[in-house]
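In: everything below, folded, please.
(2 chains)
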Amino acid sequence: AQKITQTQPGMFVQEKEAVTLDCTYDTSDPSYGLFWYKQPSSGEMIFLIYQGSYDQQNATEGRYSLNFQKARKSANLVISASQLGDSAMYFCAMREVNTDKLIFGTGTRLQVFP
Amino acid sequence: EAQVTQNPRYLITVTGKKLTVTCSQNMNHEYMSWYRQDPGLGLRQIYYSMNVEVTDKGDVPEGYKVSRKEKRNFPLILESPSPNQTSLYFCASSKRRNRVDQPQHFGDGTRLSIL
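Out: Below you'll find the predicted structure:
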């Protein structure tokens, strides 16, 4: 069965520092997509970044980058130059190819302090 | 503006009183889905729809119904709500089915409390 594991319930980082949020996944499908979403305290789910299983390069979107290590089945999110507005819950998710379902991890709560 | 719209955003109701949470998207997406979010469990899929008149169960469908009569709308129906359905609900849609590279776009969520 496909599964996403986020082992860090909470993380703290100082403003302007970089932080890595861990995500490991388990699947037997050769084709899959990995996503990171941000959920601020207001509750909405905001799409941040995508990595495909066949992508040769790590995905980047502004201050977000994805450290994709396929052999280790990990897809860690790196946020560079943290800002106070980055404080939120972060979810790693994988999309199943047959059902399009998103399988979510349990999330990591990031707190950025001044 | 491209968006997924859910209504209501907040609802407090009582056990057994039928309710419907509406979801509408204006992006002409084929795929739509409902998730519920509970503390410590992440988001779990309730039902999904690959296209009009095509719906299927997700991981936690008990106690819920859906319909997809039009492409843009995908309402979630609780025929006889119970307290264990108190949760934060999200509707999501995406551009294509069977394409792993398409992000799902989420509505702002509906917080349901069943007393």
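
In: who's the residue lying closest to B:V66 once chain neighbours are set aside bridged to?
Out: Of all residues not flanking B:V66 in the chain, B:Y47 sits nearest, at 4.4 Å (C-beta to C-beta, 6 or more residues apart in numbering or on different chains). No exception for glycine: its C-beta is placed from N, CA and C like everyone else's. With DSSP bridges as the criterion, B:Y47 is bridged to B:W34, B:K57.

In: what about B:Y47, how many residues nearby?
Out: B:Y47 has 23 neighbours, counted by other C-beta atoms under 10 Å in any protein chain shown.

In: do the same with B:Q25
Out: Neighbour count for B:Q25, taken as other C-beta under 10 Å: 22.

In: check contacts around it.
Out: By C-beta atoms under 8 Å, 6 or more residues apart in numbering or on different chains, B:Q25 lies in contact with B:Q3, B:V4, B:T5, B:M32, B:R72, B:F74, B:C91, B:S93, B:H105.

In: quick one: contacts for the residue nearest to B:V66?
Out: Remark: with contacts taken as C-beta under 8 Å, 6+ apart, B:Y47 is in contact with B:S33, B:W34, B:T55, B:D56, B:K57, B:G58, B:P61, B:Y64, B:V66, B:L76.

In: can we see that at 10 Å?
Out: B:32-35, B:55-61, B:64-68, B:74, B:76-77 (C-beta atoms under 10 Å, 6 or more residues apart in numbering or on different chains).

In: can you read off the backbone torsions of A:Q111?
Out: Per-residue torsions, A:Q111: phi -120, psi 120 (degrees, to the nearest 10).

In: hmm, which of the contacts of B:Y47 are the buried ones?
Out: B:32-35, B:55, B:58, B:60-61, B:64, B:66, B:68, B:74, B:76 (16 or more other C-beta atoms under 10 Å in any protein chain shown).

In: list the contacts of B:Q6.
Out: Contacts were defined as C-beta under 10 Å, 6+ apart; by that measure B:Q6 touches B:21-24, B:34, B:75-76, B:89-91, B:106-110.

In: can you turn the buried part of the residues you listed into a ChimeraX selection?
Out: Selection of buried members from the contacts of B:Q6 for ChimeraX, criterion 16+ other C-beta under 10 Å:
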select /B:21,23,24,34,75,76,89,90,91,106,107,108,109,110
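
In: which of the contacts of B:Q6 sits closest to chain A?
Out: Distance to chain A across the contacts of B:Q6 (C-beta to the nearest C-beta) is lowest for B:F106, with 3.8 Å.

In: check the nearest residue to A:E44 once chain neighbours are set aside and give its pLDDT.
Out: Distance criterion C-beta to C-beta, 6+ apart; nearest residue to A:E44, sequence neighbours excluded, is B:D108 at 4.7 Å. Note for B:D108: predicted pLDDT of 94.

In: again with the one 3 residues further on
Out: Predicted confidence (pLDDT) at B:R111: the value is 96.

In: hmm, who's touching the helix or strand containing it?
Out: Secondary structure from DSSP states H and E places B:R111 in strand B:110-114. The contact list for strand B:110-114, computed with C-beta under 10 Å, 6+ apart, reads A:43, B:6-17, B:19, B:21-23, B:34, B:36-37, B:76, B:78, B:81-91.
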